[in-house]
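Turn this into a model:
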Amino acid sequence: MKNLLAFVSCFILFGISGISQNVKLAGSVIDEHNNPMPYVNIYLLNKTYGTSTNFEGKFEFVIPQSSFGENMGLKFVGYQEKKISTSNFKPNNSGTYTLSSPIQLKPQEVNLNEVVISAKGKDPAYYIIRQAIKSKAKYQNPNYAYEAKLYMKGRAFFSEAPDSSKFMINIMMDDNELAELKEQEKSVVFLSESVSKVWYTKKDGVKEELLADKQSGTFTGFTPNRSVYLNNNFYENRMGGINQRGIISPLNNNSFFYYDFKLLGKFKENGLTVNRIQVIPKRKSDPVFYGEIFIVQDLWNIHSLDLTAGKSSMDNLVLDSVSFKQSYQMIDSIWVPLSLQSNYHIKMFGFGLSYQILGRYLEYKISNPNEERAISEMVSSKFDKNEVYQVSETRKTNDSILMQSLRPIALDSSEIIHYRKEDSVVQRINSPAYKDSVLKARNKFRPNQVISGYRYTYKSGSSIDIEGVRESIFFTAVDGWVLAPQVKIRLEDSSTVFADQLVVQPRYAFGRKAFNLDAAYVRNINPINLTQLYLSAGSTTRQINGDQPISRFLNTYYSFFRERNYAQFVEEYFAEAKYRTELFNGLLSSFGVKAATRSQLSNLNPIGVFKNFEDRTFSPNIQSNHNGDLFQLSVDLRYQFNQKYSTYPDYKLRYSSSRYPTLYFHGAWAPKQLSASQFTHLEAGLKQTLNLGIFGRFEYSGYAGTFLNKANQSFYDFKHFMGNQIPFINGRSRAFQTAPYYNLSTNSSYLELHAEQRFNGFLMNKIPLIKKLKVQSYVGVNSLAVENQKLYNELYFGIENIFSVLSVQVAGSMDGGKIQSPVFMVGLKTVIN
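Now for the predicted structure:
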């Protein structure tokens, strides 16, 4: 009987082992002070299997059964690499293999005896960095191909609660709200995981396909995790996308102008000598890092790094710091990223919010240069040439069981609690009863919505928006007071993220007792290629310049309170249709047809303003010599060279490039047979923004146009430029800062040029005290040459980002090399950047 039991036991034990193809290892890692070590890299030696410890220093590592007994390595920046045999793990009752005690890592012991200062007193770190800069080209765009899986986890948490003694906090929060916030300190408020497939070839660059993702809470869109946000390449001269000027890499070609370096020592790892170098900024106000970088001797590649850019290096008031930890591993003599970690810390009014991004590459398959062509052909069959990211057709989202099997890094307790809490919230808010109660509360009318506007939402998601009097009541010299509440009907369609819209605009002018009504319907046919049909018809009173160079609010202020009527109006009865589509990647087209009858308008008499100024009179509303009917055909083209893009199931995300200009073409034809106002208008232009790194950015644009086949052309159909006669900064495209609104309008040939240099802190951060305010300076010039008119030039200089929202500038037209009647101007940003 005992032999039978023994036989059965052995059969069960070895039978299960034979069936199972993987072995699950679990443990924890501590430092020299017995503190948990988060994000330690763990991998099988000479293999592509790996994991990392979680925030609590714990790990789970699933390896093939055939690899059980092999050695695994543990690696963390600044600590000695440790190797242990997987055979040291023993099975517990659940079948997981564990260790009897945590794995302890020790700080890296460096050999200081090899650090020899040269006869010139130069630290040897300078020689090492110089060699790394010379060699970086082969690592920046390596001559090999690979494919791998990438696991990413992004987590946001409150890292700091404000002090209740601060004045602003007492205004924004009461004691109970502050106490509740302090309880949430260090707790996770958002969590997102993703698994994607990544390919790299020197020819195609990096391509990525999202396979699976999971987000906490009610977030139902696509994960914000992208390899492009994680792979900060320190072989580049600077890190873009963080500061407006970027942050300068320690391996920048001009690195010694920004950094000092100190060799802290050397150590051996897998037969290679690694140099540990301290990175020291020369000036903290420059956009620079501090920390440590590890360079492999003789190969001169990055082994690992731990770098931080502090608040003094940021060019805005919100981002407090950003840090990066990167670790590389040699596989088949090729150095590839192993794990990457980024941490962004935002601080404002005492609130601290951190967002951590952790990335782990898995299952590397590296090909030599001879095999690169095969991978490139495979990538070409899956991706279009300029497509850099796509969502897999089989993508799985918010599948907890699937993510558990794919996740190489175990969740820590706070993340588990957060998922459970948010999942329960999702269940509650998705219940029909909860949705009905929320919808009922949102649809309840409140008296203040007479001013701000009202929205009614249906269960289907469709909605009706009615503008409040804040937006719909205004004053003009031709109408007096006007009531024009726009009604917008959003027609929700569950099959697309872009809803169709119907916009109805009634308009009643009390001064001339006139009623207008127009409507527009927007049909989004194919959001991926931006195919859209626009239909509009009715009657309206509009500014002669259809780009509306002065807003309703400012025109009301100047007309009613200051007796200045800068806006000029025409009444129009019209019908219009436009069709827009992207013909191919980069080329956006729009074709239109319009029929209209225009009527001249005159100022009211009396106008009825708030105050009559004895030295001022209203200028007459501009009249046209020819008010005939218009029938116009139009085409607009925009071409972006080498336009990169990402593809999602319902839309396409496009990226502009500073390497190439964007080209524009506009053509409008009012034929003799169909239109009383006859002309052919042709215009071509280009626009480009050049990123100059620490020197800021330079933006220029130029447009040339002409009118042909002119006969009885109405002034309303002239080319009108974006002028500005008020002391408020005009930040719109193709804007002039001090040009008159209509004096330069033309139906002849013209050339329009704009150039602007934004220094993004390059100049202002050199001034003591001022540099702490993070303000930025800019300068620009605009020029307009119109046939048979005097050349118009203007120059402006300004300071922006004052308290993140305020800008001031001085602008004036140029004559004889001098600024004529300079104007002091102010402006407000609507978004803190």
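
For the rest of this, base every contact and every neighbour count on C-alpha atoms.
Will do.

now the strands for the stretch 351-500 of the chain?
Defined through DSSP state E, counting those that start in this stretch, the strands belonging to the stretch 351-500 of the chain, from first to last, are 351-367, 387-397, 454-457, 463-466, 473-476, 480-483, 487-491, 500-509.

Show me what the last one packs onto, helices and strands only.
Pointing back at strand 500-509 there. Here strand 500-509 touches strand 480-483, strand 487-491, strand 514-526, going by 3 or more C-alpha pairs under 8 Å, 6 or more residues apart in numbering; DSSP states H and E.

The fourth one too?
In this structure, strand 463-466 packs against strand 454-457, strand 487-491, with contacts taken as 3+ C-alpha pairs under 8 Å, 6+ apart.

Run the chain-centre distance for the first one.
Distance of strand 454-457 from the chain centroid (C-alpha atoms, centre = their mean, to the nearest Å) equals 30 Å.

mind listing what it pairs with, with the direction of each?
Within its sheet, strand 454-457 is paired with strand 463-466 (antiparallel), according to DSSP bridges.

Return the alpha-carbon coordinates of the partner strand using CSV.
The C-alpha coordinates for strand 463-466 follow below in CSV (Å, rounded to 0.1, in the frame of the first residue of the first chain):
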residue,chain,number,x,y,z
SER,A,463,-27.5,66.8,-26.7
ILE,A,464,-28.9,70.3,-27.3
ASP,A,465,-26.8,73.3,-26.3
ILE,A,466,-28.3,76.8,-26.0
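
Now do that strand, average pLDDT.
Over the span of strand 463-466, the pLDDT mean works out to 94.

For it, buried residues please.
Under the neighbour-count criterion of 16 or more other C-alpha atoms under 10 Å, strand 463-466 has 463-466 buried.

Next: stretch 632-643.
For stretch 632-643, using 16+ other C-alpha under 10 Å, the buried residues are 632-641, 643.

Quick check: can you list the domain ranges of this protein?
Taking automatic domain parsing as the reference, the chain has its domains at 2-104, 112-155+184-316+360-412.

picking up where we left off before, in CSV: the helices and strands packed on strand 463-466, plus mean pLDDT.
Formatted as CSV, the entries for these read as follows, by pLDDT from 0 to 100:
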stretch, mean pLDDT
strand 454-457, 94
strand 487-491, 93
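
Might one say that Tyr750 is in contact with Ser783?
No. Look at Tyr750 against Ser783 with C-alpha atoms under 8 Å: they stay out of range, at 10.6 Å.

quick one: low-confidence parts of the stretch 101-250 of the chain?
Within the stretch 101-250 of the chain, the stretches falling below the threshold (pLDDT under 70) are 112-121, 161-186, 218-221.

How are the helices of it distributed by residue range?
Counting by DSSP state H, counting those that start in this stretch, residue ranges of the helices within the stretch 101-250 of the chain are 125-135, 137-140, 167-172, 175-183.

follow-up on the earlier one: can you lay out the helices and strands packed on strand 463-466 as a markdown table showing distance to Lys134 and mean neighbour count?
Compiled in a markdown table, the helices and strands packed on strand 463-466 are given as follows (distance: least, C-alpha to C-alpha, whole Å; neighbours: other C-alpha atoms under 10 Å):
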| stretch | distance to Lys134 | mean neighbour count |
| --- | --- | --- |
| strand 454-457 | 61 | 18 |
| strand 487-491 | 58 | 19 |
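
Reformat these into TSV and put distance to Ala684 next to each item.
What follows is the helices and strands packed on strand 463-466, written out as TSV (distance: least, C-alpha to C-alpha, whole Å):
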stretch	distance to Ala684
strand 454-457	42
strand 487-491	34
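
what about Ser539, how many residues close to it?
With neighbours defined by other C-alpha atoms under 10 Å, the count for Ser539 comes to 21.

hey, what's it bridged with?
Beta-bridge partners of Ser539, counted by DSSP bridges, are Tyr573.

What distance do you get for Gln688 to Ile694?
Using C-alpha to C-alpha, to the nearest Å, Gln688 is found at 18 Å from Ile694.

swap in Phe324?
20 Å.

and His754, which of the helices and strands packed on strand 463-466 is closest to it?
When the helices and strands packed on strand 463-466 are ranked by proximity to His754, the top entry is strand 487-491, at 35.9 Å, counting by C-alpha to C-alpha.

orientation of that closest one relative to strand 514-526 in degrees?
Angle between the axes of strand 487-491 and strand 514-526 is 20 degrees (criterion: axes from the mean of the first three to the mean of the last three C-alpha atoms, to 10 degrees).

Measure how strand 487-491 sits relative to strand 500-509, angle-wise.
Computed by the same axes, to 10 degrees, the angle between strand 487-491 and strand 500-509 is 170 degrees.

contacts for strand 487-491?
461-467, 499-505 (C-alpha atoms under 8 Å, 6 or more residues apart in numbering).

Try it again at 7 Å.
Strand 487-491 has contacts (C-alpha atoms under 7 Å, 6 or more residues apart in numbering) with 462-467, 499-505.

next SSE after the host helix or strand of Leu307?
According to DSSP states H and E, Leu307 maps onto strand 302-309. Tracing the chain past strand 302-309, the next element assigned as helix or strand by DSSP H and E is strand 319-331.
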